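I'd like to go over a predicted model; first the sequence, then the structure.
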Amino acid sequence: MIRYLGKRIIFMLISLFLIVTATFFIMKAVPGGPFTSEKQVPPEIKAALEAKYKLNLPMHEQYFEYLKGVVTWELGPSFTEKSSTVNDMINRGFPVSAHLGAQALLLAIFGGITLGVIAALNHNKWQDYSAMVIAVLGLSVPSFILASFYQYIFAINLGWFPIAKWEGFEYTILPSLALAASPMAFIARLTRSNMIEVMGQDYIKTAKAKGLHTVAITVKHAIRNALLPVVTYLGPLIAGILTGAFVIERIFGVPGLGREFVLSITNRDYTVIMGTTVFYSMILVVMILIVDIAYTLVDPRIKLSDAGKE
């Protein structure tokens, strides 16, 4: 266990180093700069600004300065929001994004598993067809289209929910539903196909022959064995929810980190772009490790060394 975790942590550090390096040089290769705008900046003012933010240093010195900042978690100042550093923006925006992401994640997992189980237990019946129609719609319609649809129907026409902002629980419902729709649909299809396969296994038939109730068979035996592919999908699911939140937060005016990331791209705020990219990358590599460990909780027959090879 300790050897496996040590090996994975080394791989995580190498991955983060490559991500930091790639992000830095890609941003430096992009035409323009943080002080490029429609209004011409006098050369002496531009030079003073570049000296203040150490942009006049040679490329390799800027790179090592940035690496040192990442290691010490000092991600630098924002070029456009003068009163804030990148750390301040992460501390301010991430709790909101985490709240929205966690709510959408729970909706996607429990909603998708519920739909998938109902469809599998009622295979080729109206419940199965209805669940799969919902799943196809969730996979086919982009989240930003669903977000606009929800705003028009449930906020403007029916007035059930606020159209935007982030001031209470009722403000979280529509963005969470829009963000959870696609992963919920995928989990529903994944759960359905695996449940149908598991329900045809010999041990399930034996349990039925012994007279066990369908609920007991489903909860104690079928669902647990059908959930392993769903656990496998949790890594990409978290990545999809984190990146999908960028657009959703912008549409609903949610003051999260995704909204800051989109604004930083518009404003060419390089330090914010690089800082948020590194921060999200750290979250993703940690979550992938947690998912690998979760394999053994769902199915103890899988060893950590095997989970890492899959």
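Perfect, I can see it now. Remember, it's a predicted structure, so these values are computed and weren't measured experimentally.

for residue 93, what are its contacts?
If a contact means CB atoms under 8 Å, 6 or more residues apart in numbering, then residue 93 has 255, 256, 257, 258, 259, 260 as its contacts. The C-beta positions use only the backbone N, C-alpha and C, and glycine is treated the same way.

Need the nearest residue in space to it, chain neighbours excluded.
residue 257 (3.6 Å; CB to CB, 6 or more residues apart in numbering).

give the contact list for the one you found.
Residue 257 is in contact with 89, 90, 93, 94, 96, 97, 276, 279, counting by CB under 8 Å, 6+ apart.

these two touch, right, the last one and residue 94?
Yes. Look at residue 279 against residue 94 with CB atoms under 8 Å: they come within range, at 7.4 Å.

So residue 148 sits against residue 252, correct?
No. Residue 148 lies out of contact with residue 252 (CB under 8 Å); the separation is 10.3 Å.

thinking again about what came up before, take the contacts of residue 257 and write them to TSV, including secondary structure.
Formatted as TSV, these follow (DSSP: H, G, I helix; E, B strand; the rest coil):
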residue	secondary structure
89	helix
90	helix
93	helix
94	helix
96	helix
97	helix
276	helix
279	helix
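
For the chain, which element, helix or strand, carries the lowest mean pLDDT?
The weakest-scoring helix or strand in the chain, judged by mean pLDDT, DSSP states H and E, is helix 304-309 (a mean of 48).

What are the contacting residues of stretch 271-283?
By CB under 8 Å, 6+ apart, stretch 271-283 touches 15-16, 19-20, 23-24, 27, 66, 70, 75-80, 86-87, 89-90, 94, 238, 242-243, 257, 260-261, 264-265.

Find out how far it is from the centre of the chain, if you would.
Relative to its chain's centre, stretch 271-283 lies at 13 Å (CA atoms, centre = their mean, to the nearest Å).

So which bits of it are buried?
271, 272, 273, 274, 275, 276, 277, 278, 279, 280, 281 (16 or more other CB atoms under 10 Å).

and if you look at stretch 154-161?
154, 155, 161.

possible to save the residues you listed as TSV with distance to residue 60, secondary structure and pLDDT?
TSV is the format used below for the buried residues of stretch 154-161 (distance: CB to CB, whole Å; DSSP: H, G, I helix; E, B strand; the rest coil; pLDDT from 0 to 100):
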residue	distance to residue 60	secondary structure	pLDDT
154	53	helix	89
155	51	helix	86
161	52	coil	86
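
which among those gets closest to residue 103?
Here the nearest of the buried residues of stretch 154-161 to residue 103, counting by CB to CB, is residue 161; it sits at 13.9 Å.

Does that closest one touch residue 169 like I think?
No. Taking CB under 8 Å as the definition, residue 161 is not a contact partner of residue 169, at 10.3 Å.

who's in contact with residue 110?
Contacts of residue 110 by CB under 8 Å, 6+ apart: none found.

List buried residues within the contacts of residue 93.
Here, 16+ other CB under 10 Å leaves 256, 257, 258, 259, 260 buried among these.
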